[in-house]
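> Let me see the structure of the following:
(chains A and B)
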Amino acid sequence: MTLTPQRRSGQGPDTGRAPEVLAPSPAPAARWRRVGAQPWAMAAAVALAVAGAAVSLNGVLRGWAWYPPVLTTVCVVALAMAALRSLRAQPFLVALGGFASLVFILTFTFFRRYSIAGFIPSGDTMEQLGRYLRRASETVLAESSPVAPNAGIVLVTCAVLGLVVILVDALAVPLALPATSGLGLVAVLVVPAMVKPQSVGVWGFAAAAAGYLVILACSQWFAPDNRITADTARNPGQFRRAALTGGMALVITLLLPLAVPGFDQGTFPQGSRLNPWGSATGLNPMISLGSSLRSPSGDGRITYATSASRPPYLRSVTVDRFDGDSWSPDDRDASRRVGVGRMDAGYEILADEQVRQVTAVNTGRFTSPYLPVPYAPDAVNGLAGRWSWDPATLSIKGVDTNSRNQQYVVQSSAPRLTPELLSQSSAPVRGISEEFVRTPNNVPEIVRRTADTVTGGSSTPYAKAMAIQNYLRSVEFTYSLQSPVQGGYDGNGLSVLADFLAQKSGYCIHFASAMAVMARLEGIPSRIAVGYAPGRSTGATVSVPGQGALTEYEVDSRDAHAWPELYFQGLGWVAFEPTPSRGVVPDYASQASTPGGASTNENNDGLVPSNAATPAATPSATPAPLPGLDSAGEAGHPLTLPLYGAAGVLVLALLVASPRLVRAGLRSRRLRGAPSSGGNPAAAAWAELRDLATDYGLAPGVSETPRHFSRRLLGSGALGARDDGDGAGVRAVASLTADFERRQYGPPAGRADAGAAPSEASVPPAAERIMAVQAALRRHSRPARRLRAEWLPPSVLNRWGHVAGAPFRAVTRAAATTTQAAARSWRTVRDGLRRLRRG
Amino acid sequence: MDSHRRTTVDEALPEGQGFPGGAGVVGNQLNGTRPTAMDAEAFHNASERILSAINTVIDGKAEAAKLALTVLLAQGHLLLEDVPGVGKTLLAKTLARTIDCSVSRIQFTPDLLPSDVTGVSIYNQASRLFEFRPGAVFANIVIGDEINRASAKTQSALLECMEEHQVTVDGDSYKLDEPFMVVATQNPIEMEGTYPLPEAQRDRFMARISMGYPDKDSEIEMLETHQATSPLTRVTAVVTAADVAAMIATVQRVYVSQAVKEYTVSLGRATRESAMLRLGASPRSMLQLLRAAKATAALDGRDFVLPDDVVGVAESVLAHRIILDRKAASTGETPHSVIRGILAKLPVPQEMSAAPSRGGSPRGGPDQRRTR
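Model (predicted):
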């Protein structure tokens, strides 16, 4: 329809503005004159916006060392495109030039020595690129959230931001969609929003928003869109509309997070973020510790069966490098050895008795470069792919594979430790890498003081360790996933540690790192093991060759855990459990445990399979602020899974079939002449005919009369030609239309001279005619359309969409009413002001 | 009736003929007894006869002919507006000739007096009484040629006749014959020195038709058939005035359902609320629209009105009554295109609506004007 005339001229004729407005030529001329400045200004705006959005990556990448190369890349790409555009190159060529300049600048920055003339990529460059990319992917998989800005990750960042520049530029200039170009900036902001515990951050958000506004301003300045030109007679109330839109957006932004689970802290953009992994806000070991705990599927369920008497801790990686800023996993790739058939801790064990265990692990969908195994592994069999192990930590890492869908058998051994043995180990530590005892210089005073106070009366390393553990397990400390986030010390640096010791509330990362740091301060080598706390029994047994049937346990991401390991000369690395209410305190470490230590190890109660009779009542979706306390009922009855599966399939099938079922129900109700149709079979049949036509892609228009619709239906050929023999459908449509018209618009039946409807007797009942129409439609439609009409009938889907849209329409109506009222009052005010000025 | 028979369409001013009885007899016999409606068969036959008779004279203008007949049966008046020489007057004359009734033709000129139209009272020396001499308007079908050339005063003399079907001279009212129809023509090109019809007067015409040029074949055929003799001479009356009155009665009995009434009203309201119109359709035009729709339905052989009938006549009935907003006019809209646009958006009542609130949106009554 032509009801929305396109406003081409900026000024209405009644503004009384100068005559040059009426002359047709000035606008193009002005644009032509400005062509020199536009590309440069736009490029500057795009570069500013992308570089501003990149600011928010600080915190995903550590420090600021990565920023200069990013800035260079962004500026070079933007300027190259601007230069091409100022030469009036085709848009396609401009984008191509942008790509080329991106390749050149990346080569120049990262592979200068491996390229031709310093910036043209060559075969060597590609080789190097592969190395860098591997490095980057390892960083992404294995490092915790503020990752070190190594060359690989910076290269990827630069490349992505360069592409974003090209995307934003392409959207804003040749496609003339400056508002849509914000998508590119959002793409940049999404990364920190998902990864950083504190979301994007004010500065990054402000910089990106400012850049976006500059893009919009430049676009409007150089290529004015008359529809949004303010203060013209054709387009009054621009400011009012803008203010209203902005206000509504703000209100929605403030209200929406309340409705989205996960947005439960603070307000956007600071202090909250969507947490797709569950309700453990802000704290997610998988994010803040990164590394092998990263479980993309959200559950990462691992099952294992062990010959040990109680389920062991599964350790996947150790975190031992502590540079004061954060703990990070070992990356001693150079010293790793390939082949895990035989592993050796590399230190001598003086203990008399070795406990040997065999554990069969099934990792399921748990994906990590590191392999979860009980400590200390001697041999791992049955793995797919090549794996390497680190002699210093015995962490097992895939060379070209990861832990997904691995089934393997681990033979592990550890000395049978007793407090006595540990107490005797007081010899100075030898043969251990310096890394495990190194402490940064800037250890906060509170940490040092606490360590000294706690271990004041202890002499042996074991006594000191026990003192630290008991201190951390004392009633002073509480386990909380929330308080570090609220207190702003969520993370694993030294300042965080100081905050933790002051607040005395945190979760396993804090307890483990506190104990590890304090141990180092007291001269005991330490490291943090990351993996899973002992799991729950599934109630099933697994038969392992040579071991018979073993009890099966399971862990998932809620059992993710970190614990300290301390080194004792002659005994090796010994695990401790400083975290209250998580895990199991080992026998050797529980001797002097204070009674108030709150060692609530419900996990182990789940070893009895029989108490898992009622698993269905507690679906696992319930929030678990204390994941370790989750009930043993999770284990489930063996029949539960198939039952759930069957129910799920049934629900799914029902869901898939529901449009069809609804449609069929509607049809039969109509054709039966149900009272819902007002006892009017003609109208019901007509409604059915309309829906049938809608289903087969011939939806009647709202403003279409019955006769017109019927004529269109007949003319479309959807029912077949009138004369091709099977005219039943055609005749049916014609007679249905006539019936409906007579019923709907004709004189009521009671009137004396109302022509007695001739159709009643001679024509088959409506149901039969509808069937004829349906058969004709089906016969003359293509298979895809037929399938759609039967399984996803548009008539039903449209109706559902209509119902679903009702709240939005109500809001729109309310907004329109408000706008009108606001406009009226604004007009009053404006007129008053004008009168005042004139008078 | 026979006296009327003598009327020839070529007489410009059929001065007083056919009204021997003066005022008292002016009221036709058709007024006295209510004409009985025809049955559907007879109606159909009569309308077919009329239309085919017209079509023998005017080639390729079946639509215009049908609309003219529709207006006649709906008791409306017709405005033919087009450039000279496309057969406006011919259509009017042919329609008049096919019906056995009195016809008069008025050639409007700036010096035409109102009394020329309505009639005048003359002092009769013999009887010493004022005697009314009926004007040209006393006929069943009045052809007003180039109506916009007459002065406003003369034009407005037609007003009362058209609306009330009566003439008032010197305080006495004289009933006009039934059926009564004014077919006025005007030329939209030469507007210099003319008195364009004011809105009030345009509103009294039920429909305005533009004839348009005939297509190639029709034009060639016209050149052949119209060479020697005027085609009008071949036309003979195919129905009597009484037949027409019966047909009109039939039309009046056509049933209009609640749904169609609502549809019509919502169409009218939509024109009043449209941002592109300065003046929407009046309530009177709604009445005439529905009457025209009834006639269309009857001509289509139905005894009830469909929304299609309303849609079919809406453009012809409404286009000359609405006034475009200046902005819409500057963007190339025409009244016809605006009405088509409104019709394309207007929901047609499909369900058996019990709620009569359908057509009426709460805001925007007829008095609401857009203030700009």
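
> quick one: the closest residue to chain B within the stretch 251-400 of chain A from residue A:52, how far?
For the stretch 251-400 of chain A, the residue closest to chain B is residue A:251, as judged by Cβ to the nearest Cβ, at 25.3 Å. From N, CA and C alone the C-beta is placed, and that goes for glycine too. In this structure, residue A:251 lies at 26 Å from residue A:52, with Cβ to Cβ, to the nearest Å as the measure.

> quick one on the thing from earlier: C-terminal to the host helix or strand of the residue of the stretch 251-400 of chain A closest to chain B, what's the next element?
Using DSSP states H and E, residue A:251 maps to helix A:238-259. The C-terminal neighbour of helix A:238-259 among helices and strands, as given by DSSP H and E, is strand A:302-306.

> what about residue A:251 and residue A:52, which has more around it?
Each of residue A:251 and residue A:52 has its neighbours counted (other Cβ atoms under 10 Å in any protein chain shown); residue A:52 has more, 23 against 10.

> Can I get the helix or strand hosting the more buried one in CSV, CA atoms only?
Here residue A:52, judged by DSSP H and E, is contained in helix A:38-55. Taking Å, rounded to 0.1, in the frame of the first residue of the first chain, the C-alpha atoms of helix A:38-55 are listed here in CSV:
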residue,chain,number,x,y,z
GLN,A,38,33.8,10.7,4.5
PRO,A,39,35.9,7.5,4.2
TRP,A,40,38.5,8.8,6.6
ALA,A,41,36.0,9.9,9.2
MET,A,42,34.1,6.6,8.9
ALA,A,43,37.3,4.6,9.2
ALA,A,44,38.3,6.6,12.3
ALA,A,45,34.9,6.0,13.8
VAL,A,46,35.0,2.2,13.1
ALA,A,47,38.6,2.0,14.4
LEU,A,48,37.6,3.9,17.5
ALA,A,49,34.6,1.6,18.1
VAL,A,50,36.4,-1.6,17.6
ALA,A,51,39.5,-0.5,19.6
GLY,A,52,37.1,0.7,22.3
ALA,A,53,35.3,-2.6,22.4
ALA,A,54,38.7,-4.4,22.6
VAL,A,55,39.4,-2.6,25.8
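
> in stretch A:386-404, what's buried?
Neighbour-count burial for stretch A:386-404, counted by 16 or more other Cβ atoms under 10 Å in any protein chain shown, picks out A:387-390, A:392-398, A:402-404.

> Leaving out chain neighbours, which residue sits closest to residue A:353?
Computed as Cβ to Cβ, 6 or more residues apart in numbering or on different chains, the closest residue to residue A:353 that is not its neighbour in sequence is residue A:416, at 4.3 Å.

> Report the contact partners of the one you found.
Shown here is residue A:416, whose contacts under the criterion Cβ atoms under 8 Å, 6 or more residues apart in numbering or on different chains are A:351, A:352, A:353, A:354, A:355.

> Chain B versus that one, what's the distance?
Look at residue A:416 and chain B: by Cβ to the nearest Cβ, to the nearest Å, they are 84 Å apart.

> Just the pLDDT for that residue.
In this prediction, residue A:416 carries a pLDDT score of 79.

> quick one on the thing from earlier: tell me what the helix holding residue A:52 is packed against?
helix A:67-86, helix A:151-172, helix A:182-195, helix A:202-222 (3 or more Cβ pairs under 8 Å, 6 or more residues apart in numbering or on different chains; DSSP states H and E).

> closest one to chain B among those helices?
Distances from chain B to each of these were compared using Cβ to the nearest Cβ; the minimum, 24.4 Å, belongs to helix A:202-222.

> Now do the buried residues in the closest one.
Neighbour count says helix A:202-222 has A:204-205, A:207-209, A:211-212, A:214-216, A:218-219, A:222 buried, by 16+ other Cβ under 10 Å.

> can you put those in JSON lines and add distance to chain B?
Putting the buried residues of helix A:202-222 into JSON lines (distance: Cβ to the nearest Cβ, whole Å) gives the following:
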{"residue": "A:204", "distance to chain B": "45"}
{"residue": "A:205", "distance to chain B": "41"}
{"residue": "A:207", "distance to chain B": "43"}
{"residue": "A:208", "distance to chain B": "40"}
{"residue": "A:209", "distance to chain B": "36"}
{"residue": "A:211", "distance to chain B": "38"}
{"residue": "A:212", "distance to chain B": "34"}
{"residue": "A:214", "distance to chain B": "35"}
{"residue": "A:215", "distance to chain B": "32"}
{"residue": "A:216", "distance to chain B": "29"}
{"residue": "A:218", "distance to chain B": "31"}
{"residue": "A:219", "distance to chain B": "27"}
{"residue": "A:222", "distance to chain B": "27"}
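
> Where does confidence bottom out across those?
Comparing pLDDT over these, residue A:222 scores lowest. The value there is 74.

> pretty sure that residue is in contact with residue A:39, am I right?
No - with the criterion set as Cβ atoms under 8 Å, residue A:222 and residue A:39 do not qualify as a contacting pair; they are 9.1 Å apart.

> Give me the below-cutoff pLDDT ranges for chain B.
Along chain B, segments meeting pLDDT under 70 span B:1-35, B:37, B:350-372.

> got the contact list for residue 95?
No chain specified, so I'll use chain A. Neighbours of residue A:95 in contact, by Cβ under 8 Å, 6+ apart: A:81, A:166, A:169, A:170, A:174.

> wait, chain B
The contact partners of residue B:95, taken as Cβ under 8 Å, 6+ apart, are B:50, B:54, B:65, B:68, B:69, B:72, B:141, B:183.

> Pull the distance from stretch B:312-325 to the chain's centre.
14 Å (Cα atoms, centre = their mean, to the nearest Å).

> got the buried residues for that stretch?
Of the residues in stretch B:312-325, those buried (16+ other Cβ under 10 Å) are B:312-322, B:324-325.

> still on that earlier bit, worst mean pLDDT among the helices and strands packed on helix A:38-55?
Mean pLDDT across the helices and strands packed on helix A:38-55 is lowest at helix A:182-195; the value there is a mean of 81.

> tell me the angle of that helix relative to helix A:151-172?
For the pair helix A:182-195 and helix A:151-172, the angle between their directions (axes from the mean of the first three to the mean of the last three Cα atoms, to 10 degrees) equals 150 degrees.

> Determine the set of other helices and strands touching helix A:182-195.
Using 3+ Cβ pairs under 8 Å, 6+ apart: helix A:182-195 touches helix A:38-55, helix A:151-172, helix A:202-222.

> chain center to it, what's the gap?
Distance, centroid of helix A:182-195 to centroid of chain: 11 Å (Cα atoms, centre = their mean).

> Who's the closest spatial neighbour of residue A:498, skipping the chain neighbours?
Nearest residue to residue A:498, sequence neighbours excluded (Cβ to Cβ, 6+ apart): residue A:444, at 3.9 Å.

> Can you flag which of the contacts of residue A:416 belong to strands?
Under the assignment DSSP state E, the contacts of residue A:416 contribute A:354, A:355 to strands.

> ok so, going back, now tabulate the helices and strands packed on helix A:182-195 in a markdown table and tack on distance to residue A:381.
Formatted as a markdown table, the entries for the helices and strands packed on helix A:182-195 read as follows, by distance: least, Cβ to Cβ, whole Å:
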| stretch | distance to residue A:381 |
| --- | --- |
| helix A:38-55 | 47 |
| helix A:151-172 | 33 |
| helix A:202-222 | 48 |
